[in-house]
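Could you look at this predicted model? Sequence included:
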Amino acid sequence: MVKGRRDRRQMTDMNRNRQLQDGSGEKGTAGFTLIEIVVVMVLISLFMVLSIPLLGNIGTGSLDTSARRLSGTIKYLFNEAALTGHEYRLIYDLDQRSYRAQVLEENSELVDAPDQGREATLKGAVRFRDLQVPGRGKFTAGQVTIRIDPSGWIEETVIHLDDGKDNLLTLRVNPLTGSTEIYQGYRQF
């Protein structure tokens with residue numbers, strides 16, 4: 001009888017060891033290690049550090065996007081005028097919050113520019129607060145046409161964009177390079 005108990009005990013010990021090895025025993029469900037928890041916390045912290053600053057710019061995203069898009073259009077048209085030898089015109093419609101480009105053909109006919117000729121509207125609630133052209137004045141409504149000369153000159157223009165939430169951007173177009181400087185707030189030049 002003693003031998004039967006010993007055999008049973010050995011069998012029980014062998015079953016327990018087998019369960020511990022394949023993870024089906026009690027010790028296999030103990031939980032996460034300290035290293036695993038620390039790694040997860042570091043990853044969560046890293047994601048928060050990278051994403052929280054982006055949340056602060058949610059309201060100004062359409063303002064920034066509109067400014068960059070307009071700036072890119074101006075530079076593109078400036079370069080096209082110099083490359084093709086044609087005069088381009090950028091037409092701002094302050095009331096409709098839009099702009100479009102035209103090119104002066106050799107027969108003196110104005111036609112929509114091939115790539116940038118379609119009308120582009122400012123994003124979201126962004127609008128033109130005003131547009132200033134030295135020698136011509138300040139415009140707050142209507143259409144304003146800016147000439148882009150093929151010799152590498154564009155009329156200096158100061159554009160004020162407003163998103164309706166007291167966020168303003170000032171764009172200043174450099175007449176010699178066609179590049180646009182973008183400033184926070186309303187600036188006079």
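On my side now, so go ahead. Worth saying up front: this structure is predicted, and the values here are computed from it rather than measured. Residues are numbered from 1 along each chain as shown.

Apart from its neighbours in sequence, what residue is nearest Arg69?
Leaving out its chain neighbours, the residue that sits closest to Arg69 by Cβ to Cβ, 6 or more residues apart in numbering is Ala120, at 6.9 Å. All C-beta spots, glycine's among them, are computed from the backbone N, C-alpha and C.

I should have written Tyr183 there, sorry.
Per Cβ to Cβ, 6+ apart, closest to Tyr183 is Thr170, 4.4 Å.

The helix or strand hosting that neighbour - contacts with which helices or strands?
Using DSSP states H and E, the element containing Thr170 is strand 168-173. Applying 3 or more Cβ pairs under 8 Å, 6 or more residues apart in numbering; DSSP states H and E, we find strand 168-173 packed against helix 61-84, strand 157-162, strand 180-184.

re the thing from before, who are the contact partners of the residue nearest to Arg69?
The contact partners of Ala120, taken as Cβ atoms under 8 Å, 6 or more residues apart in numbering, are Arg69, Leu70, Thr73, Ser98, Tyr99, Arg100.

Check Arg118 too.
Arg100, Asp112 are the contacts of Arg118 under Cβ under 8 Å, 6+ apart.

Secondary structure element for it, which one?
Judged by DSSP H and E, Arg118 forms part of no helix or strand.

so what pLDDT did it get?
Arg118 carries a pLDDT value of 77.

Same question for the one 4 residues further on.
On the pLDDT scale, Leu122 is placed at 90.

ok, now Ile74?
pLDDT at Ile74 comes out at 91.

thinking again about what came up before, what residues does the residue nearest to Tyr183 make contact with?
Val158, Ile159, His160, Leu161, Ile182, Tyr183, Gln184, Gly185, Tyr186, Arg187.
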